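**Student:** how would this look folded up:
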Amino acid sequence: MTAPDLIALLPSASVEVSSRGNQLQELSDNVARGTDVTITFLPGDNYRHNLETASALRRAGFNPVPHIAAREMPTREALDDFLARARGEADVTRILLIAGDVAAAKGPFKSSLDVAASGLIEARGIADVSVAGHPEGHPFLDEDAAFESLAAWRGWGRRTGIHVNVVTQFCFESAPILGWIGGLNARGIELPVIVGLAGPATPATLTKFALRCGIGNSMRALRGQIGRFGRLLIDTGPDDVVRGLQSAPPGATAPIAGFHLFPFGGLRKSADWLRNYGGDQLSSARMSSP
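**Tutor:** Presented below is the predicted three-dimensional model:
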């Protein structure tokens, strides 16, 4: 895959909103209809709120992609209700499965693979499943276990005929992402990768989210940006990450199928970045093509 191909993926990047549904106006004002919009599932969330937000997104012309936090599901019946209503009320065809940021499961599902084993995803007609990837490691899984989990997802997708991809946690430099994709390739784990990008925000805001999400070594890149600008009030976007991916050998980025933007500085700033960076780069690439 060549660099212009990666840039061409930016306009179709997905974005994220909270389950509370209070960002719908900002989303409608700044993001194109037809965009995939993921809906967070934070500890303590009631999945019915996620369903209400999913329905509102669908009515507004977006494609809702609710997160399902496995450990937050109290019963098999609750999970089935979530999936059935998501399909029936919001025409959800894609979900994003995570284990959930709680230590103990509230019900029978300790991991996202437990949800897959329930048979409910295929029974309710979900066509696409995204799972989480962690280029800088996971606090509760060692590297081998994390890759084994992704290999299991590849096998499940092949058995069920459901499309599976991996959405990565954000990083502040491209090296961890490229190294992690290399790990997938070395193990023969053929899954499409959607690279998570931290949307434009002040370094202070990005640091807060990075600490919350367990971002590791690439924090040095963020600290370098703070030093470069000399203060904490200038927004910084994922330009360096995208440039690093663009400059990598084509084989190193071949699994990349798209991008997902975490709008830490707000949806308007993220949408502006996609238009200004992605649009300008794509235009330049087209102009330079023979």
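**Student:** mind saving the C-alpha coords of stretch 252-259 as CSV?
**Tutor:** Provided in CSV are the C-alpha atoms of stretch 252-259 (Å, rounded to 0.1, in the frame of the first residue of the first chain):
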residue,chain,number,x,y,z
ALA,A,252,4.5,-2.5,6.7
THR,A,253,1.2,-0.7,6.3
ALA,A,254,-0.6,-3.1,4.0
PRO,A,255,-3.2,-4.2,6.7
ILE,A,256,-4.3,-0.7,7.3
ALA,A,257,-7.9,-0.4,6.1
GLY,A,258,-8.9,2.9,7.7
PHE,A,259,-8.6,5.4,10.5
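**Student:** Need the residues that contact it.
**Tutor:** Stretch 252-259 is contacted from outside by 1, 6, 9-10, 12-14, 165, 178, 181-182, 184-185, 190-197, 245, using C-beta atoms under 8 Å, 6 or more residues apart in numbering. In short, each C-beta sits where N, CA and C put it, glycine included.
**Student:** Just the ones of those in helices?
**Tutor:** Judged by DSSP state H, the contacts of stretch 252-259 include 6, 9, 178, 181, 182, 184, 185, 245 as members of helices.
**Student:** Tabulate the residues you listed (a markdown table), appending neighbour count and distance to residue 28.
**Tutor:** Shown next, in a markdown table, are the ones in helices among the contacts of stretch 252-259 (neighbours: other C-beta atoms under 10 Å; distance: C-beta to C-beta, whole Å):
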| residue | neighbour count | distance to residue 28 |
| --- | --- | --- |
| 6 | 22 | 28 |
| 9 | 18 | 23 |
| 178 | 18 | 35 |
| 181 | 25 | 34 |
| 182 | 12 | 39 |
| 184 | 19 | 36 |
| 185 | 14 | 39 |
| 245 | 23 | 30 |
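**Student:** which of those residues lies closest to residue 144?
**Tutor:** Nearest to residue 144 among the ones in helices among the contacts of stretch 252-259 is residue 184, at 12.9 Å by C-beta to C-beta.
**Student:** Mind putting the ones in helices among the contacts of stretch 252-259 into TSV with pLDDT?
**Tutor:** Formatted as TSV, the ones in helices among the contacts of stretch 252-259 follow (pLDDT from 0 to 100):
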residue	pLDDT
6	90
9	93
178	97
181	97
182	97
184	97
185	96
245	96
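**Student:** Can you lay out those residues as JSON lines showing distance to residue 120?
**Tutor:** Output for the ones in helices among the contacts of stretch 252-259, formatted as JSON lines (distance: C-beta to C-beta, whole Å):
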{"residue": "6", "distance to residue 120": "35"}
{"residue": "9", "distance to residue 120": "31"}
{"residue": "178", "distance to residue 120": "35"}
{"residue": "181", "distance to residue 120": "30"}
{"residue": "182", "distance to residue 120": "34"}
{"residue": "184", "distance to residue 120": "27"}
{"residue": "185", "distance to residue 120": "32"}
{"residue": "245", "distance to residue 120": "35"}
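**Student:** For residue 252, grab the count of nearby residues.
**Tutor:** Per other C-beta atoms under 10 Å, the neighbour tally for residue 252 reads 18.
**Student:** Just to be sure, it is in a helix?
**Tutor:** Yes: the assignment for residue 252 is a helix, going by DSSP: H, G, I helix; E, B strand; the rest coil.
**Student:** And it, what's its pLDDT?
**Tutor:** You'll see residue 252 listed with a pLDDT of 94.
**Student:** likewise the one 5 residues further on?
**Tutor:** At residue 257 the predicted local confidence, pLDDT, stands at 96.
**Student:** which residues does residue 122 contact?
**Tutor:** Contact partners of residue 122, counting by C-beta under 8 Å, 6+ apart, are 160, 161, 162.
**Student:** How about the second one: what's its closest non-neighbour residue?
**Tutor:** Take residue 161 and drop its neighbours on the chain: the residue closest to it by C-beta to C-beta, 6 or more residues apart in numbering is residue 122, 7.9 Å away.
**Student:** can you check the last one too?
**Tutor:** Here the nearest residue to residue 162 in space, its sequence neighbours aside, is residue 129; by C-beta to C-beta, 6+ apart that works out to 5.7 Å.
**Student:** Go ahead and confirm the one you found touches residue 120.
**Tutor:** No: in this structure, residue 129 is not within contact of residue 120 by C-beta atoms under 8 Å, at 11.7 Å.
**Student:** Name the residue in those two with the higher neighbour count.
**Tutor:** Set residue 129 next to residue 120 and count neighbours by other C-beta under 10 Å: residue 129 wins out with 23 against 18.
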